[in-house]
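Chemist: Test case, fold it:
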Amino acid sequence: MSEFNAKRTRSDFLALVWRTVSKEPVLAILIFALLALQIAHTRPWMSLPGLVDWQTVLTLAGLLILTKAIELSGFLMWAAHRLVHHIHGERTLALLLVALAAGLSTVLTNDVALFAVVPLTLSLHKLAPLPIKRLVIVIALSVNAGSILTPLGNPQNLFLWQTGGVGFPAFVWAMLPLCAALMALLGIVTFAMFRAKPLDLSGDVEEHRVDRVLCSVSVLAFAIFVALADAHHVGPALAALAVVLLLWRREIVFRIDWLLLLIFVMMFIVLRSAAALPSIHAAIAQVGIATPARAYAAGAVLSQAISNVPAAIVLAEFTKDWRALAFGVSVGGFGVAIGSLANLIAVRLSGEKGMWMPFHMVSIPFWIVAMVIGWALI
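Modeler: Residues are numbered from 1 along each chain as shown. Predicted coordinates for the structure are as follows:
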């Protein structure tokens, strides 16, 4: 009887896994890709967790918890209420959100900027009907474009800044033309995608109360957590945060998107396994990226296959032209969603079904035009 129960439990577990995977196309693709990579170039299964950037995963977990805490405090709805009553048109609101996301991404990284702006946008959508899919798309593009400017904007910039041996002002000055050009392009795209029609505020009839204690603690904890994560103390910071909230407001921890963390773990394993393939290194060595134009093109194209952070790490072994490579992997963040992990975060945070097709209908043409702009500037 116990053997029968064990088989039934195992069967139920496999059925649950299948239901979860079948509802998550990104996770299904990653699992298939991992199996294909293991067949093509086998790694010991026990070595795969070593491919994961746990600093990033733990930071993401902390940000998910803190964003959910701020959301449950009611602050985002209150802020959204104040904002919609000062902004009277969809186009103006879209341009403001794009500017806010881009500005935050230059100092807080593109991922952290998304955790601030996308939940605010979702709160706005609850008050006034908005084209939420289009808003999330331009916000994702804006954090990728804005984060180009500084070494703090994204992981690939930080890596290339450290390996390039240039000062902070010199890096910003070198990246300014591309950042400005892509933000101008995004401004034109945003202006075209949204109409100047008035916001419908008929749904904003409730009083928006804020749990001041939860909000204050969450905002303070957000700042402390980001500072500790930046100082590479994210493990103890996340542990302390989780213990406090599990004892005080455990529903916050239980309601975060745990599946997003699993997808990120799988992406690190798959992308870094792909980046380590001897065939990729051999192909790069054979083609050669000694000139700025080739380094730029390699960064922009390879990012479409293995994401821009692994592309920057792989290609840095073959070129010393950090600026051309930075231009390339920055442009590579557009195009297919895998080009930048920020794209995945934006789509997941939106909670909207059927986001991938409209996202790529905007991001791929944007990538093509950005490729031309970067080529002209390089």
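
Chemist: Now for the residue nearest to residue 107 when sequence neighbours are not counted: which residues touch it?
Modeler: Excluding the flanking residues, the one nearest residue 107 by Cβ to Cβ, 6 or more residues apart in numbering is residue 152, at 5.8 Å. All C-beta spots, glycine's among them, are computed from the backbone N, C-alpha and C. Residue 152 makes contact with 106-109, 158, according to Cβ atoms under 8 Å, 6 or more residues apart in numbering.

Chemist: Give me the buried entries from those residues.
Modeler: 106, 108-109, 158 (16 or more other Cβ atoms under 10 Å).

Chemist: For those residues, please prepare a markdown table with the additional fields secondary structure.
Modeler: A markdown table is the format used below for these (DSSP: H, G, I helix; E, B strand; the rest coil):
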| residue | secondary structure |
| --- | --- |
| 106 | helix |
| 108 | helix |
| 109 | helix |
| 158 | helix |
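
Chemist: Where does confidence bottom out across the residues you listed?
Modeler: For the buried ones among the contacts of residue 152, the model is least confident at residue 108; its pLDDT is 74.

Chemist: was I right about that one contacting residue 226?
Modeler: Yes: contact criterion Cβ atoms under 8 Å: residue 108 and residue 226 qualify, at 7.1 Å.

Chemist: Could you tell me which residues touch both of the two?
Modeler: Contacts common to residue 108 and residue 226, judged by Cβ under 8 Å, 6+ apart, are absent.

Chemist: any weak-confidence spans in the chain?
Modeler: Confidence mapping of the chain against pLDDT under 70 gives the ranges 1-23, 201-208.

Chemist: Run through the helices of the stretch 51-200 of the chain in chain order.
Modeler: Applying DSSP state H, counting those that start in this stretch to the stretch 51-200 of the chain gives helices spanning 54-72, 75-84, 90-127, 132-146, 155-164, 168-193.

Chemist: do the stretch 201-350 of the chain as well
Modeler: Going by DSSP H, counting those that start in this stretch, the stretch 201-350 of the chain shows helices at 212-230, 234-248, 250-254, 258-275, 278-287, 292-306, 308-315, 322-331, 341-350.

Chemist: Give me whichever of these is most buried.
Modeler: Highest mean neighbour count among the helices of the stretch 201-350 of the chain (mean count of other Cβ atoms under 10 Å): helix 322-331, with a mean of 28.

Chemist: export that one as PDB, just CAs?
Modeler: What follows is helix 322-331, C-alpha atoms only, in PDB (Å, rounded to 0.1, in the frame of the first residue of the first chain):
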ATOM      1  CA  TRP A 322      35.500  48.300 -24.800                       C
ATOM      2  CA  ARG A 323      33.500  51.200 -26.300                       C
ATOM      3  CA  ALA A 324      32.600  49.300 -29.500                       C
ATOM      4  CA  LEU A 325      31.700  46.200 -27.500                       C
ATOM      5  CA  ALA A 326      29.600  48.300 -25.000                       C
ATOM      6  CA  PHE A 327      27.800  49.900 -27.900                       C
ATOM      7  CA  GLY A 328      27.100  46.400 -29.400                       C
ATOM      8  CA  VAL A 329      25.800  44.700 -26.300                       C
ATOM      9  CA  SER A 330      23.800  47.800 -25.400                       C
ATOM     10  CA  VAL A 331      22.000  47.600 -28.700                       C
END
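
Chemist: What helices and strands are in contact with it?
Modeler: When contacts are defined as 3 or more Cβ pairs under 8 Å, 6 or more residues apart in numbering; DSSP states H and E, helix 322-331 sits against helix 155-164, helix 168-193, helix 292-306, helix 308-315, helix 356-377.

Chemist: mind redoing it with 6 Å?
Modeler: helix 155-164, helix 292-306, helix 308-315, helix 356-377 (3 or more Cβ pairs under 6 Å, 6 or more residues apart in numbering; DSSP states H and E).

Chemist: Just the residues contacting the second one, thanks.
Modeler: Defining contact as Cβ atoms under 6 Å, 6 or more residues apart in numbering, one finds that helix 292-306 is touched by 271, 274-275, 289, 311, 315, 319, 321, 324-325, 327-329, 331-332, 335-336, 339, 371, 378.

Chemist: Just give me how far it sits from the chain centre.
Modeler: Remark: helix 292-306 is offset 20 Å from the chain centroid, using Cα atoms, centre = their mean, to the nearest Å.
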